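Engineer: I need the structure of the sequence given here:
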Amino acid sequence: MTGLFNSKLCAVCKGRKLLCGRPTCPILERFRVARRVESKLNRREIFGSSPPSVFVGEYGYPKVRIGPLVPPIEGNTSNLDSPLKWGGKSIKDILYYRSLLVMGETKADVHVRRSGRILGEIQELAMSVKPVDSEILLKRKPIMKILPSEFAPPVGPKAELLDFELTENPKIPRRTDYVVSDELKAEQAIMRLYNWGFDEYYIIRLLSAGLLGLNRKLVPTRWSITAVQDTIGKNLRREVLQYPEISDYEVYFHEFLGNRYGVVLMPESYAFELLEVWLRGSLFGSGEPQVIHDYEDFRGIKGYAVETTGAYYAARLSVLEALRTRRRSARILVFREVTPRYYAPVGVWQIRLGVKKAMGNPVGRFSTLEEALNSLRGFLEHPLERYLEKSWLLGLRKQRTLDDFLFYKPRP
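Structural biologist: The predicted structure follows:
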């Protein structure tokens, strides 16, 4: 987190003047959250209902830190770990939810067969679709550190795990049992669960806990999120490619948690591009904001989305889902503009949900691309021309297409 702050500016401001341009001081916000939950977490034994939730770290791979997340409260705690249901929540709400989840962490080899009893308990927890009464014994009282991430929801207080036990039977669907016990490749397992209607983050949890695939391994949570969203996205793209193209230019927009999302659909062959800007005063913004982007054509992206990283796969999946529902194809241009109001990163789930909400909020339909882009201009702070200069997808329009040659007839 230290990289998010300017020591000189923060020393002058002290959280009172908000000189950074954010609506609240992210340093003080962490202390406020810690104060609200400190009395509930001031012990080594934590008993409560896990949402259910597990976390797998990436540092030290192939020896990783893994552990269950258990709050000091009982009952229906599913709201503490339901990213796709946080549509009406604020960043402050998310930080509070995550601060209640105590992680008892232990080191494990990513090869599932080399791990012991505790991993077996964690895997049972991961398969449950309902909160599970659980108990963790820690080596010391958990340290209150809310560590925001651009990928996964923030991780709350944690301490080394001595023991973990489920005190009730987890509710595991038959279909989950079937997929976990069957010899399926990870992609097959992911798509079966997705098409059966299982929550995306449930599938991510199963993959992280080493329950999917032929050669089963623990997968860091951050990697699992991108892997699941990319896998589903690739399969939906293959399906969408078979559908007829839309007939007009369509524009959608939504603002969510200080992020602005604009989507332009074009009546042309499939391609996708994400254009992203962190405005001045935002977490990773600079004095002169720069547009970053990643893109693909009908063959998919080459390698990994280096510039926009996990945001790319989250945004692509939301648009492809909307097109699949309509049984239509389109060329897709997504704008993400991050404002200073996004004062703490809470994970790519907010991109997934923000673009999904945008797809349900049409601005209008237009007969030309120029009209469509101009309709979006008023929603964005960064000059639209800066986005367009960077766009690979719009750059294609400046070139002659294959149709130009196929239907070209020389003058007599």
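Engineer: List the residues that contact Pro220.
Structural biologist: Pro220 makes contact with Val56, Gly57, Glu58, Tyr61, Val64, Ser208, according to CB atoms under 8 Å, 6 or more residues apart in numbering. For every residue, glycine as well, the C-beta is placed using N, CA and C.
Engineer: and the residues you listed as JSON lines, adding distance to Gly88 and secondary structure?
Structural biologist: Shown next, in JSON lines, are the contacts of Pro220 (distance: CB to CB, whole Å; DSSP: H, G, I helix; E, B strand; the rest coil):
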{"residue": "Val56", "distance to Gly88": "29", "secondary structure": "strand"}
{"residue": "Gly57", "distance to Gly88": "30", "secondary structure": "coil"}
{"residue": "Glu58", "distance to Gly88": "31", "secondary structure": "coil"}
{"residue": "Tyr61", "distance to Gly88": "36", "secondary structure": "coil"}
{"residue": "Val64", "distance to Gly88": "34", "secondary structure": "strand"}
{"residue": "Ser208", "distance to Gly88": "27", "secondary structure": "helix"}
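Engineer: Save those residues as a markdown table, and put in distance to Val264 and pLDDT too.
Structural biologist: What follows is the contacts of Pro220, written out as a markdown table (distance: CB to CB, whole Å; pLDDT from 0 to 100):
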| residue | distance to Val264 | pLDDT |
| --- | --- | --- |
| Val56 | 37 | 96 |
| Gly57 | 38 | 93 |
| Glu58 | 35 | 93 |
| Tyr61 | 39 | 93 |
| Val64 | 40 | 94 |
| Ser208 | 34 | 97 |
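Engineer: Pick out the most distant pair among these.
Structural biologist: Tyr61 and Ser208 (12.9 Å; CB to CB).
Engineer: what about the two, which has more around it?
Structural biologist: Ser208 (27 against 14; other CB atoms under 10 Å).
Engineer: and the more buried one, what is it in contact with?
Structural biologist: Val54, Phe55, Val56, Ala126, Leu218, Val219, Pro220, Thr221, Ser224.
Engineer: Inside strands: which ones of the residues you listed?
Structural biologist: Counting by DSSP state E, the part of these found in strands is Val54, Phe55, Val56.
Engineer: can you pick the most crowded of these?
Structural biologist: Of these, Val56 is surrounded by the most neighbours, 27 neighbours in total, counting by other CB under 10 Å.
Engineer: Dig out what it forms beta bridges with.
Structural biologist: Counting by DSSP bridges, Val56 forms beta bridges with Ile66.
Engineer: Pull up the distance across stretch 200-217, start to finish.
Structural biologist: With CA to CA, to the nearest Å applied, stretch 200-217 spans 19 Å between its terminal residues.
Engineer: Now do the buried residues in it.
Structural biologist: 200-213, 216-217 (16 or more other CB atoms under 10 Å).
Engineer: go on, stretch 350-368?
Structural biologist: Gln350, Ile351, Arg352, Leu353, Gly354, Val355, Lys356, Lys357, Ala358, Met359, Val363, Phe366.
Engineer: With stretch 124-138 instead?
Structural biologist: Applying 16+ other CB under 10 Å to stretch 124-138 flags Glu124, Leu125, Ala126, Met127, Ser128, Pro131, Val132, Asp133, Ser134, Glu135, Ile136, Leu138 as buried.
Engineer: all helices of the chain, in order?
Structural biologist: 7-13, 26-41, 91-99, 117-127, 174-181, 186-195, 200-208, 221-240, 310-326, 349-359, 369-377, 384-390, 392-396, 402-406 (DSSP state H).
Engineer: packing partners for the third one?
Structural biologist: Using 3 or more CB pairs under 8 Å, 6 or more residues apart in numbering; DSSP states H and E as the contact test, the elements touching helix 91-99 are helix 26-41.
Engineer: averaged over its residues, what pLDDT does the helix it packs on have?
Structural biologist: For helix 26-41, mean pLDDT is 58.
Engineer: likewise stretch 372-386?
Structural biologist: Here stretch 372-386 scores 95 as its mean pLDDT.
Engineer: Start and end of that stretch, how far apart?
Structural biologist: Start-to-end, stretch 372-386 (CA to CA) is 16 Å.
Engineer: Show me what counts as buried in it.
Structural biologist: Ala372, Leu373, Ser375, Leu376, Phe379, Leu380, His382, Leu384.
Engineer: for stretch 176-184, same thing?
Structural biologist: For stretch 176-184, by 16+ other CB under 10 Å, it's Thr176, Val179, Val180, Leu184.
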